[in-house]
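1. I'll drop the sequence and a predicted model, then ask my questions.
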Amino acid sequence: MPAMLRTLAQKLGMMAHGFHGGVHPHERKLTAGMPIEDCPLAPLYIVPLKQHIGEACTPLVAVGDKVLRGQKIARAEGYVSVPLHAPTSGTVVKIEEHPVVHPSGMSMPCVFIEADGLDEEDHSLERMTNWRDLDAAVLRERVRMCGIAGLGGAVFPTFIKLVQDKKNPIQTLVLNGIECEPYLTNDHQMMLEQAEEVLQGMAIIMHMVGAESGIIAIEDNKSDAARVMRQALAENSELAHVHVAVLPTRYPQGSEKQLIYSLTGKEVPAGKLPLHVGVICQNVGTAKAIRDAVLLGKPLTERLVTVSGDAMPRPANLRVRLGLTLRYVFAQRGLEDFENIQILHGGPMMGERLRIPDVPVIKSSIGLLAMHQDTVMQAHPAEQPCIRCGHCSQACPAALVPNLMADHCRNEQFDKAEAYNLFDCIECGACSYVCPSNIPLVQYFRYGKGQIAQLRREHDFAEASRQRFDARDARLAREKAEKAARRSRVRKELAPAPDKDTTTKVEKSTNDKAEES
Amino acid sequence: MTHLLAALLSLGAFALLAGVVLAVAQRVFHIEGDPMVDKIDSMLPQTQCGQCGYPGCKPYANAVASGAAEVNHCVPGGERVMLQIADLMGVEPKAVEEEAAAPMLAFVREDECIGCTLCIKACPVDAIVGAPKQYHTVIVDQCTGCMLCVEPCPVDCIDMLVKPELLEHWAWPLPDTRRAAVGHERRGHHAGHA
Amino acid sequence: MSEVALILLSAVLVNNYVLTKFLGICPFLGTSSKVETAIGMSFAVMFVMTMASTASWLVQQYVLIPLDLLYLQTIFFILIIAALVQFIELMIHKTSPVLYQALGIFLPLITTNCAVLGVAILNVQQDQTFLTSALYGFGAAVGFALVLILFAGLRERLDGAPVPALFKGSPLALITAGMMSLAFMGFSGLVKI
Amino acid sequence: MSLAISSPHAHGGDTIRMTMLTVIIALLPAAMVSVYLFGWLAVFLIVACMLSCLLTEAVCLRMMGRPLKTLLDNSAALTGLFLALTLPASIPWWMAVLGSVFAIVLGKQVYGGLGYNLFNPALSARVILLISFPLGMTSWLIPMHVGPSALNMYDFSAALAFFLHGPEALKLGLDAITMASPLGHVKTEWTQGIGVAEALNSYHYSYLDAFLGREAGSIGETSALALLIGGIYLLARHTITWHIPFAYIGTVLLLAAVFSVISPEHYSPPMFHLFAGGLILCAFFMATDPVSSPVTPLGQIVFGIGCGVLTWAIRTFGGYPEGAMFAVVLMNCAVPLIDHYCRPRAYGHGGS
């Protein structure tokens, strides 16, 4: 009876279950259960110099250089950055701007590698089979060196999260196998086929951060994956304190903060990392990549990609080398004509719409969707006025008030938008999804965030300019005063000899110029 | 007579009382300068370009705060700055007369530069470096695009270039409400790339 | 105790100076474009109204009536109000220059706010005691503040609304105020004093 | 340069049109009861209000140069239906039409159309009518099946004549065809010093009749049952949430219960308040009008409590017998502030 009452209360929205809000879009997991296939190698690879959140990399190779698969071709710049590696063996043919995955359709410098077809690997990194005896810092450096960034789509450099902090000891590792976006199945398939490897990666991460327990989070629409993982866990004596948690399917459960709340009831404070509540969260694909980096010494040069969409002739779960163009990958699955097709990079809820298929696959490419033009257009009908129905606030996983926030962004009242916690918006799109007025709320938020960033940049620049201007003013005033003082002194001393005075003046003025410059 | 006297006295006494209270209040609540000037100054782009007719941003801020200048004279700040100032001053917004050009950068064609240092002296933010008889160069990160260096150059070797757009600085535009654009636009690009 | 509540209710809701007596419309329309400004104005008016009604009661009882100077009532009251307004103006200029700027001309214009003088005069006409007159002045001010802030909230919400050109600005503000006034008619008869 | 279009590239399929249609469907039981009680007069009133709302909306859209297909969002039709249901059956046709014009023009279009109105359009029109024509708005016809009435409202021609020309056309005195509403009766008796229990007694008040709708009142607000069916339908369809109706009705019940326990002679009992007047209609349909109510759950609860307090206070102490629509319009004034101060605690901000 209490259970029934609970369900009724939840149905009526009187009681929360798991994280706040959320929606349940049509799953459309066309590729569920399809075995992972290897995408064939191609003659040309394009490696953009920035594939993660943070600073872009600096190339280490020059045109004409021969590279091996896994060889480092670009160096990380700054702390929030990881290096890049050649996806196959071949020759660097050019380093120039090329369109990349970005909503603007703009270009960025990319390294072009012409494959030699041999796919020779670079074996310079030794295998760390003895990782249990190694210091966490050594393993962490390995993870960084191998270029691993969160493969769930956020591409935050992974090594940064893998720290042991005395103040905030990590108790729990959450392995994220939620995959709540429609269409996407690559994590699902990885858990089905490579459960052992994923668990090895999990053990390595737990060793690195000193976590005592682990949770493998899976939604109830992937019960087969949960079964496989449970079985693999049963066979694995090492991971005694790890369990599989099956959560009700709801988008955006895969978002780190929402997932942590669903599992532990803890909220990550705004502006803080999950480790502040003693949790770290890693995607299953990332765990597998960490395992490959440590056990096999293999840098990140490939990833699993769900190639799907309602316009995809033969959808599949593919293992794709980074740097292959989308056009090439799509062609492998029978899609060559892009007339009336919209390409989405990522899932339909958070993915970017790409303008051309000639951009390369990067570390964040969780899915490549080919959608019918009409399907995408139906999701973007003409915007109507907000009727303030509040469905967006009910759906918001961050408990924001999207419609009011969007009003403030539209009216350029950015201070108010910020006061309404604009920067806590995770851009999951649940609000736009439920909006009966079809308001592109997420775009308003992105506009607001972009404008605020730009205003801050402008303000900082203006402030720096003002300081330089003031410094210059002060310097000019000082020089003028000095000049006047010197002049009066000189005049006093040399008053009887007028011709000499003029020469001094000339000399002095040239001195001044030199000083100024 | 006494009635009139009473009226005058009481009114006078009362006025005196009010006067004394106000005089004291004036002392207590005395303020130095105009606090609005700094607020306005912090909204201005600090190009010091002088397009407002004042010798710099601070003087213009002064003029606006004192009511001597309208809020719409800052050309590089454009509409946004005008709206901010109007909002702060509580006055009706007024359109900026001159259209703000795209953000510019000064660029010295070094092979033509004669090293006269005139541009260096003109630059209000010390964003040009160089010694006499040496090539001068603009520090890109510090140039405000005020164009004050162009005029003094005796050999006309300074160009104003449009500031390049950076991928990192790209910002989402406001949504377009005429959503049919999805179709048109795709057809356009397809012709170019197919 | 219940008398206090009734006086306050009556002054705030039933006999609201703005919406049922239509006094003080000028600052009501002038300072309601932003909630922050409206709150600032509300406090200024609250201060002036409460002080003015108590001060005017004192003047009435101890100066005007004993000296038989009732014909000077208006002048005295205006003097009190003007002094109070000057005082609050100096204070706001010091403490919040932005609010000072935002209120602009409406701050000194509290002097000529008929609601303030109206409260002072009605107060002494109604033969109130010192306490009830203070309370009544305060209640009237709270009523003014309440509707001013509500109205400012409504007007802020209209920011960016595609209002037909004909109704942009004051016309729509007046229609909204009219609608509020109609709604406040619902309070009529609520308190019978 | 082509346009950037942000994710999500999927949509749940909700539309304004369907939302409005859902509310119209939810009002059908009440509309049917109104036809049962007031026969053709209810039909005329509903048709007149809906048509004139649609027509006015069309004219407004035309004048503002907006596409006429906006009419299809059903919002004008809904406003018309709302307004009709809050009017007494005795109202002359021109008053109904005038009310509809007020609702659309002053209630909605001057603010910029759907989504921007500050007050519930139907209720603002109702308030305007009540204050402009107090008599016409408070003459309650004796409904069919309730008491002996000189007017047979099931008779098409008689009803039409009454609707177009008023009672004079049928040579009927108002006394022969009208009665007091329960709220009005209690209020009148109260002013004459008669206690609540006695007043209800003299009215032959029955809770069952009030629940089913066999009492005088506005055509759509008499039947608590029909309105509750519609309200539950709206809740089940997630068109509204429980916050406003529960907070609103709960507050009225609580206040009425507390005060009627303290002094049953002075204060009406809670169930009387619940079934009387427009409380249920306002709580489930008017106060929950999304445009003029708060967005956030906490705000909605505050809004509901405010409506409840005002409704009870005006009914109990005020000059008007019914306070529900005043309460909602009054609380509409406070919505922007409620929204601002009752935002939910965002994820990661404070809390445990």
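-> Done, it's in.
2. Quick check: phi and psi on B:Thr137?
-> Dihedral pair for B:Thr137: phi -140, psi 150, per degrees, to the nearest 10.
3. Tell me, how many residues neighbour C:Thr95?
-> 11 (other CB atoms under 10 Å in any protein chain shown). Where C-beta positions appear, they are placed from N, C-alpha and C, glycine not excepted.
4. Read off the pLDDT value for it.
-> Looking at C:Thr95, its pLDDT reads 84.
5. residues touching the spatially closest residue to it that is not a sequence neighbour, list them.
-> In space, and not counting its chain neighbours, C:Thr95 is closest to B:Phe29: 8.0 Å by CB to CB, 6 or more residues apart in numbering or on different chains. For B:Phe29, the contact set (CB atoms under 8 Å, 6 or more residues apart in numbering or on different chains) comprises C:Leu90, C:Met91, C:His93, C:Lys94, C:Thr95.
6. and what of A:Glu412?
-> Here A:Glu412 is in contact with A:Gln451, B:Arg80, B:Leu83 (criterion: CB under 8 Å, 6+ apart).
7. Serialize the residues you listed to a markdown table and add fields for pLDDT, secondary structure and distance to A:Ile290.
-> Putting the contacts of A:Glu412 into a markdown table (pLDDT from 0 to 100; DSSP: H, G, I helix; E, B strand; the rest coil; distance: CB to CB, whole Å) gives the following:
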| residue | pLDDT | secondary structure | distance to A:Ile290 |
| --- | --- | --- | --- |
| A:Gln451 | 93 | helix | 38 |
| B:Arg80 | 83 | helix | 46 |
| B:Leu83 | 86 | helix | 50 |
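8. Now that we have the contacts of B:Phe29, which of them are buried?
-> C:Leu90, C:Met91, C:His93 (16 or more other CB atoms under 10 Å in any protein chain shown).
9. what's the closest of the residues you listed to chain A?
-> Closest to chain A out of the buried ones among the contacts of B:Phe29 is C:His93 (23.7 Å), distances taken as CB to the nearest CB.
10. For chain B, tell me which of the buried ones among the contacts of B:Phe29 show up nearby.
-> C:Leu90, C:Met91, C:His93 (CB under 8 Å from any CB of the partner chain).
11. doesn't B:Ile31 make contact with the last one?
-> It stands for C:His93. Yes - C:His93 lies in contact with B:Ile31 (CB atoms under 8 Å); the separation is 6.5 Å.
12. can you tell me which residues contact residue 160?
-> Just so you know, I chose chain A. So A:Ile160 contacts A:Tyr79, A:Val80 (CB under 8 Å, 6+ apart).
13. ah, no, chain D please
-> D:Trp40, D:Phe44.
14. Please repeat the previous calculation with a cut-off of 10 Å.
-> Neighbouring residues of D:Leu160 by CB atoms under 10 Å, 6 or more residues apart in numbering or on different chains: D:Trp40, D:Leu41, D:Phe44, D:Trp93, D:Ala169.
15. Scan those and report the most crowded one.
-> Going by other CB under 10 Å, D:Leu41 tops the contacts of D:Leu160 with 27 neighbours.
16. Find the residue closest to that one in space, skipping its chain neighbours.
-> Nearest non-adjacent residue to D:Leu41, counting by CB to CB, 6+ apart: D:Ala89, 4.5 Å away.
17. For the closest residue to chain B within chain A, give its distance to chain C.
-> Using CB to the nearest CB, the single residue of chain A nearest to chain B is A:Gly450, 2.8 Å away. Here A:Gly450 is placed at a distance of 19 Å from chain C (CB to the nearest CB, to the nearest Å).
18. Reformat the ones next to chain B among the buried ones among the contacts of B:Phe29 as TSV; add distance to B:Leu148.
-> Compiled in TSV, those are given as follows (distance: CB to CB, whole Å):
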residue	distance to B:Leu148
C:Leu90	42
C:Met91	44
C:His93	37
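19. could those residues go into a markdown table alongside distance to chain A and secondary structure?
-> Converted to a markdown table, these look like this (distance: CB to the nearest CB, whole Å; DSSP: H, G, I helix; E, B strand; the rest coil):
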| residue | distance to chain A | secondary structure |
| --- | --- | --- |
| C:Leu90 | 29 | helix |
| C:Met91 | 26 | helix |
| C:His93 | 24 | helix |
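20. Give me the residue ranges of chain C where confidence is low.
-> C:1, C:192-193 (pLDDT under 70).
21. how far out from the middle of the chain is stretch A:29-39?
-> Mean C-alpha position of stretch A:29-39 versus that of the full chain (CA atoms, centre = their mean, to the nearest Å) differs by 24 Å.
22. Next: stretch A:449-469.
-> The answer for stretch A:449-469 is 25 Å, by CA atoms, centre = their mean.
23. Look up how far A:Ile343 lies from A:Leu322.
-> Separation of A:Leu322 from A:Ile343 (CB to CB, to the nearest Å): 17 Å.
24. where does A:Val442 fall, helix, sheet strand or coil?
-> helix (DSSP: H, G, I helix; E, B strand; the rest coil).
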